[in-house]
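Sequence plus the predicted model coming up.
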Amino acid sequence: MNLLVTTTVIAPILAAAAALLLRAHPKSRDVVTIVGIGLATLASYAMLIDVNANGSQTVRVGGWAPELGIVLVADLFAVLVLPIALSIILVVEIFAIGQRRTAWGANPELAGPLLGVLTGGVSLAILTGDLFTLFVAFELILVSSYVLLTHQGQRDQIRSGMTYVVMNLLASTLFLFGVAFVYAATGTINLALLAERIPELDSGVRLGIGAWFFVVFGTKAAVFPLFSWLPDSYPTAPTTITAVFAGLLTKIGIYSMIRFHTLTGMDELGPIMLVIAGITMVVGALGALAQSDIKRILSFHVISQIGYMLMGLGLFSAAGTTGAILFLLHHMPVKTVLFLVGGLIENHEGTSSLSRSGGLAARKPVIAVLFAIPALSLAGLPPFSGFVAKFAVISAGIDESAVAIVVVALFAGILTLLSMTKIWLGVFWGTDADGLEAVPTAANNRRLMFAATGLAVAGTLTISFFAGSVFDLSQRAAEELRSSDAYITTVTEGAQE
Amino acid sequence: MSIALLFTIGGLTTVGLYLITARSMSRILLGFALLGHAAVLALLASGGPPGAAPITNQSTPAEIANPVPQALALTAIVISFGLTLFLLALARRQQVLSGDDLVEDDLEDHRIAEGTT
C-alpha cells in the first residue's frame, strides 16, 4: 500500500521533471509524461481494489506520529475519486499530443510537464490527511494551472488570467489564516484529530471555522457568489487545458468541502449551503443560456453542476452525502468529455462560436454521437450516469422534505437541457454559415484525438453501466465519512507497513 | 498572544486587503505580500507562547517554542515567494501587451455595459 500511495504522488512529479529536461526530444518527452501519469493511474486502480477488499489504510510519511507528521489516508471516498481524476488527466494528455500541431494546441514543451505536476497535486489533495498538506496540494494544483492558463501569453489569457490568479491567491491566503485559526483552537491540523476535537469546541468557534472553510473551498469550487473568475478564464485556455480544469479543479474544492465539513460535523451550516446551492444551480444555468460560444456555455455549466454537489452535501444526511459523491464521480468524466468534443468541433469548424458554425451532424456524424452521449448525461436523462446521480441527490432532498431546493434543482435541470439543445441546434444542424476552413490536422493526430475522446465517452458509459455498484460504493464511502469513527481509527491506529 | 503581534497582524491584513482591491497589478502584488506576512504571523501566533529555539541538545522540550507552526510558516513563506514572482511576470506581460498593468473588465462586463447604452 505504501508503494502504491507514493507512486500516485511521486511518479507524475518525477516524470514532469524528466520531461522538462527532455524538452528537445518530443518523442521521449511524450513517452515519459504518459508513463508517469499512467503509472499513477494504474496505482490508483490498484488502491481501489485493495481498499474495497481490505478497508481504509494509512501511510505515515517518514514514520512520524499523526500529531506531528504528514499522513496520507486511502479511505473509500479517496480511492473512488482518485482513479477517475487520474484517468481524466491521462486521456487529456493523449488528446493534447494529438492536438498540439494545431492552432489551439497548448505548447507541448510546457503542457506535458505541468500536467504531471498537476497530477501529483491532485493525488496529494485527495489522499492527504491534514489541512496544511491540503494547502500545499492546492498550491501545487493552482500554480500549474496558473501557468497552463497563461503560458501562451495572449491578450485574453492574460486579462482573464489576472482575475483567476488574484481570486485564487486570495482564497489560498484565507486558507492559510484558516489553518492558523484551527491550530490555535485545537492544537492540531490532522483531519482525524480535528474530527474528534472540533465538535467539542464552543459553537461560535466551531461554526466560525466551518464558515471560513466554506468560503475557502467555495472559492476553489466556484459556488455563488465566488464564481466570477471561472467563466471568463476557462474558455481562453487551450481546449485540452480547459478540459482538465473543468473536470478537476472545482471538483477538488467540492471534494475537500465534503471531506472537511462532513468529518467535523458542521450540520448547522446545512441550510446556508442549501440556499447557496440553489442560487448556484440557477445562476450557472441561466448564464449558460445567455452565451453563444460552446466553451463559454460549458464553463457556466460547471458552476451550475457544482450546485447539485453542494446540495447533496448541504442536506447532511447519509443519502445526501451519497448523492454528492455519486454526482462528483459522474460529473468529472462527463464534463471533460464535453470539452474534448468542443475541441474536436473547433478543429473541424475553425471556431467555437455557435452562430458561425452549423451542419456538422451531416458532415461528421461521429462528433455528433460523441457529443450527444455526455450532453444527455449532463442534462440528467436516463439511462446515462447523470440520471442516476441527479436522482440520488433529488431523492435525498425529498427524504429530508427540502421541497424548495428540489424544485429549484429540477428547474435548473430543464435550463441545462435547453442550453444543450442550443449547442446542438447551432453546431450540428443547419448549414455552415461562414465557410471557415477546418484546421489542417495530420491524420495520425486526428485519430489520436478521436481515440482519446472515444475512450473518455466509453469511461462515462462504464459508470452508467455499473451504476448499481458505483452507488453501493458511494453509499459505503458516505457512511464512513459521516460516522468519522472509522476514519479516526484508521489514522490514529493505522498499522505501518 | 501579545497585543503587539495582534495589532501587527490586524494592520497588515487591513492594508493588504485595501491594496488588492486596486486595479493596478503592482498594488495587488504588494497587497498579497502584506497579506502573506499577516498569515505567516497568524500561524506563528497560533503556536502559543514563545520559548527557546526548538533544537535538540540545546534546550529541553519543556522550554522550547512549538516547532510545528514554525515549519508550516516556513513552507508558506516559500510558496508566497514563488507566487509573488509569478504575479510580477503577469504584470510585466500585461504591460508589454497594453502599456500598463491594469486588471481589465471581463467579457460579460463589456456585454452588459453595451446592452444598457
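Great, that's in hand. Residues are numbered from 1 along each chain as shown, chains lettered A, B, ... in the order given.

Could you pull out the buried residues of the helix or strand of chain B with the lowest mean pLDDT?
The least trusted helix or strand in chain B, going by mean pLDDT, DSSP states H and E, turns out to be helix B:107-116, with a mean of 74. Across helix B:107-116, burial judged by 16 or more other Cβ atoms under 10 Å in any protein chain shown covers B:Leu107. C-beta here means a position set from N, CA and C on the backbone, and glycine is covered the same way.

is chain A contacted by that helix?
Yes - Helix B:107-116 lies within reach of chain A by Cβ under 8 Å from any Cβ of the partner chain, at B:107-108.

can you list the residues that contact that helix?
If you take Cβ atoms under 8 Å, 6 or more residues apart in numbering or on different chains as the criterion, helix B:107-116 is touched by A:231-232, B:105.

Which of these fall in helices?
A:231-232 (DSSP state H).

Out of the contacts of helix B:107-116, which end up buried?
Buried, going by 16+ other Cβ under 10 Å: A:231-232, out of the contacts of helix B:107-116.

Looking at the contacts of helix B:107-116, which is nearest A:Ile272?
Relative to A:Ile272, the closest of the contacts of helix B:107-116 is A:Pro231; by Cβ to Cβ it sits at 23.6 Å.

what residue ranges in chain B are flagged as low confidence?
Low-confidence segments of chain B (pLDDT under 70): B:1, B:116-117.

swap in the stretch 201-350 of chain A?
Across the stretch 201-350 of chain A, nothing is flagged by pLDDT under 70.

who in it is up against chain B?
So far as Cβ under 8 Å from any Cβ goes, the stretch 201-350 of chain A lies against chain B at A:228, A:231-232.

Closest one of the residues you listed to A:Ala477?
A:Pro231 (30.6 Å).

need the contact list for the closest residue to that closest one other than its chain neighbours.
Nearest residue to A:Pro231, sequence neighbours excluded (Cβ to Cβ, 6 or more residues apart in numbering or on different chains): A:Ser299, at 4.5 Å. If you count contacts by Cβ under 8 Å, 6+ apart, A:Ser299 has them with A:230-231, A:234-235, A:242, A:246.

Using the three-state scheme, assign A:Ser299.
helix (DSSP: H, G, I helix; E, B strand; the rest coil).

for the stretch 351-497 of chain A, what spans make up the helices?
A:360-363, A:365-379, A:385-399, A:403-423, A:443-465, A:467-483, A:485-493 (DSSP state H, counting those that start in this stretch).

got it, and chain B?
Using DSSP H, helices in chain B cover B:3-20, B:25-45, B:67-98, B:107-116.

hey, which of the ones you listed is tucked in deepest?
Stretch with highest mean neighbour count among the helices of chain B: helix B:25-45 (a mean of 21; mean count of other Cβ atoms under 10 Å in any protein chain shown).

what helices or strands is it leaning on?
Contact here means 3 or more Cβ pairs under 8 Å, 6 or more residues apart in numbering or on different chains; DSSP states H and E; on that basis helix B:25-45 packs against helix A:155-186, helix B:3-20, helix B:67-98.

Could you save those helices as TSV and add columns showing distance to A:Pro12?
Rendered in TSV, the data for the helices and strands packed on helix B:25-45 read as follows (distance: least, Cβ to Cβ, whole Å):
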stretch	distance to A:Pro12
helix A:155-186	21
helix B:3-20	33
helix B:67-98	19
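
between these, which gets nearest to A:Gly454?
The closest of the helices and strands packed on helix B:25-45 to A:Gly454 is helix A:155-186. By Cβ to Cβ, the value is 29.2 Å.

Using CSV, list the CA coordinates for the helix or strand just after the closest one.
The helix or strand immediately downstream of helix A:155-186 is helix A:191-197, counting by DSSP states H and E. In CSV, the C-alpha atoms belonging to helix A:191-197 read as follows (Å, rounded to 0.1, in the frame of the first residue of the first chain):
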residue,chain,number,x,y,z
LEU,A,191,-8.1,15.8,10.0
ALA,A,192,-8.7,12.7,12.1
LEU,A,193,-7.8,14.6,15.3
LEU,A,194,-9.9,17.5,14.1
ALA,A,195,-12.9,15.2,13.6
GLU,A,196,-12.6,14.5,17.4
ARG,A,197,-11.8,17.9,18.7
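
So is helix A:191-197 next to chain B?
No - using Cβ under 8 Å from any Cβ, we find that helix A:191-197 stays clear of chain B, coming within 12.5 Å at best.

other SSEs contacting that helix?
strand A:71-74, helix A:155-186, helix A:250-263, helix A:485-493.

which element follows it toward the C-terminus?
helix A:203-221.

And that following helix, how far out from the chain middle?
From the chain centre to the centre of helix A:203-221 is a distance of 20 Å (Cα atoms, centre = their mean, to the nearest Å).

What sits closest to A:Leu76 if chain neighbours are left out?
A:Leu76's closest residue in space is A:Ala477 (Cβ to Cβ, 6+ apart), at 4.1 Å.

how far away is the one you found from A:Ile258?
10 Å (Cβ to Cβ, to the nearest Å).
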